[in-house]
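Novice: below are the sequence and a predicted model; questions follow.
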Amino acid sequence: MASILCRISKTLVNHRLPPFTKGLIRPMVTVSWPFQSQPRDLSLPNPSWSKEMLQHYELYNSQCVGEDGKEGSGPWRRLPSYNRLLKFATGGVLLSKIIQSEARLFTRNIKIPGAGFEYVMFIKKSQEKCVCIFQAGHLLEGPPGHVHGGATAAMIDSVNGTHATYVCGPVMTANLNINYRNPIPLGSTVVLESTLDQREGRKAFFSCIVTSIDGSKVHVESKALFLSISMSRILGG
Ligand SMILES: CCCCCCCC/C=C\CCCCCCCC(=O)SCCNC(=O)CCNC(=O)[C@H](O)C(C)(C)COP(=O)(O)OP(=O)(O)OC[C@H]1O[C@@H](n2cnc3c(N)ncnc32)[C@H](O)[C@@H]1OP(=O)(O)O
C-alpha cells in the first residue's frame, strides 16, 4: 500500500510540471493515474498531413536516431508542442485567472486537424539551427488562395522564439523584420529554418528563411532580436 501511495504521489508531482517540459524531462515513474489529463503532443503526424509534410518529418525524425540506433542520440531533436504553456502565468486578480485558464498558444488554438497551423520543429543539438516543417491550412488565408502575412509572421516568431528559448532561456521578441518575397500557396508545405546569428549579452540575433519544401523558392526572409528576461517578469506580467 505504501509503495502504491508513493508511486501515485510521484506521478502527481510529475504531472505538475509545465507541459513544455514534457519530453525534455524524463518522468520518474511510468505508472498511469486514472484521472490524469495528459497534454496531447500536437507536433506528431495526423491524417491531415500531406505526403510532402510526412516525408520531410521522416527525414528529420530519422536523424534524431544516432548511428548506434538509439533514439535521441542523433544530431537532431524533435520538439514536442502543446496547446498551452503555463497555467495562470499572470496570477492575482480573478479576471486574469479566468483569462489565463482559457489561454491557448496562438499557433495551436485551431482544433480541426489541417485547418490552421500544422507544424513540427526540430532543433540541432549543436543549437545553431532550428527547422520547422509547416503546412498552412485554409483558415490562414490572406490574399485569395495564399497565406496571410500575419500567419507567416506568427510562425517565424514561434520558430525563432522557440529556438531562442532553447538557447537562451526565457526571452521576448524585441524586433522582427520581415521581407516577403513570394506568396505561400494555401495548403502547401514550407520549411522555416532559424539560425542563431549572434549573441551579445542579453541580446540574441536570429534570422529565418522560409522556402518551398524542395528549397527551390524563397518565400520569406527575416531577422529578429530577442532579449533575455527573467522568468518572474514573464509570470508577473
Ligand atoms: C517564455 C517562457 C518559457 C517558455 C518555454 C517554452 C518553450 C518553447 C515553446 C513555445 C514557444 C513559443 C514561442 C513564442 C515566441 C513568441 C515570442 C513573442 O511573441 S514575445 C511578444 C512580443 N514581444 C513583446 O511583447 C515585447 C515587448 N517589449 C518588452 O517587453 C521590452 O521592450 C523588452 C523585454 C523587449 C526589452 O525591455 P528591457 O527593459 O528588458 O530592455 P531595454 O533596456 O529596453 O533594452 C535592452 C537592450 O536592447 C535594446 N533594444 C530593446 N528593444 C529593441 C528593439 N526593438 N530594437 C533594437 N534594440 C532594442 C536596447 O536598446 C538595449 O540595448 P543596449 O543594452 O543599450 O545596447
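Specialist: Great, that's in hand.
Novice: doesn't residue 81 make contact with residue 108?
Specialist: Yes. If you go by Cβ atoms under 8 Å, residue 108 and residue 81 touch, sitting 6.5 Å apart. For glycine as for every other residue, the C-beta is placed from the backbone atoms N, C-alpha and C.
Novice: pLDDT weak spots in the chain?
Specialist: Applying pLDDT under 70 to the chain flags residues 1-37, 86-99, 235-237.
Novice: how about it: which residue is closest to the ligand?
Specialist: The ligand sits closest to residue 161 of the chain, with a gap of 2.5 Å, by Cβ to the nearest ligand atom.
Novice: dump the residue contacts of that residue.
Specialist: 171, 173, 226 (Cβ atoms under 8 Å, 6 or more residues apart in numbering).
Novice: what comes up buried for the lengthiest helix in the chain?
Specialist: Taking DSSP state H as the criterion, the chain has its longest helix at helix 149-168. By 16 or more other Cβ atoms under 10 Å, the buried positions in helix 149-168 come out as 151-152, 154-164, 166-168.
Novice: how distant is that helix from the center of its chain?
Specialist: The chain centroid and the centroid of helix 149-168 are separated by 8 Å under Cα atoms, centre = their mean, to the nearest Å.
Novice: not counting the next helix or strand after it itself, show me its contacts.
Specialist: As assigned by DSSP states H and E, the chain's next helix or strand after helix 149-168 is strand 171-180. By Cβ under 8 Å, 6+ apart, the surrounding residues in contact with strand 171-180 are 149, 152-153, 156-157, 160-161, 164-165, 203-204, 219-229, 234.
Novice: compute the inter-axis angle for strand 171-180 and helix 149-168.
Specialist: On the basis of axes from the mean of the first three to the mean of the last three Cα atoms, to 10 degrees, strand 171-180 is oriented at 140 degrees to helix 149-168.
Novice: helix/strand/coil for residue 57?
Specialist: Three-state call for residue 57 (DSSP: H, G, I helix; E, B strand; the rest coil): helix.
Novice: what's near enough to touch it?
Specialist: With contact set as Cβ under 8 Å, 6+ apart, residue 57 has these partners: 45, 49, 120, 133.
Novice: for beta bridges, what are the partners of the last one?
Specialist: Yep, that's residue 133 we're talking about. residue 120, residue 191 (DSSP bridges).
Novice: now the residue nearest the centre of the chain: how far from residue 158?
Specialist: In the chain, the C-alpha nearest the mean C-alpha coordinate belongs to residue 81, at 5.1 Å (Cα atoms, centre = their mean). Here residue 81 is placed at a distance of 9 Å from residue 158 (Cβ to Cβ, to the nearest Å).
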